[in-house]
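[1] The amino acid sequence is not available; the structure is as follows:
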């Protein structure tokens, strides 16, 4: 089960930029490092059909976030 993912990165001055594609493994690594938060907008042609959704709506990704950041209050 592999998909190419994109995410929205907010720049220092508030600009937004789509980053990707990254693999599911790279996405999980970024989540583990805290680079992707539950509110980060993500998209995948195969998983979200090209729609942008908050990462917390992707169950495996959000589960990984909660496991790697147990003290986080993010929802």
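    Structure's in. What do you need? The structure displayed is predicted, hence computed values, not measured ones.
[2] Could you count how many residues lie near the residue nearest to residue 27 when sequence neighbours are not counted?
    Nearest residue to residue 27, sequence neighbours excluded (C-beta to C-beta, 6 or more residues apart in numbering): residue 5, at 4.8 Å. In this view, the C-beta of every residue, glycine as well, is placed from N, C-alpha and C. By the criterion of other C-beta atoms under 10 Å, residue 5 has 26 neighbours.
[3] Over to residue 70?
    When neighbours are counted by other C-beta under 10 Å, residue 70 comes out with 7.
[4] And for residue 57?
    13.
[5] just the one 4 residues further on next, same as before
    Neighbourhood size, residue 61 [other C-beta under 10 Å]: 22.
[6] Are we agreed that it is in a helix?
    Yes. Under DSSP: H, G, I helix; E, B strand; the rest coil, residue 61 sits within a helix.
[7] Skipping its backbone neighbours, what lies nearest residue 61 in space?
    What sits nearest to residue 61 in space, not counting adjacent residues and going by C-beta to C-beta, 6+ apart, is residue 55, at 5.3 Å.
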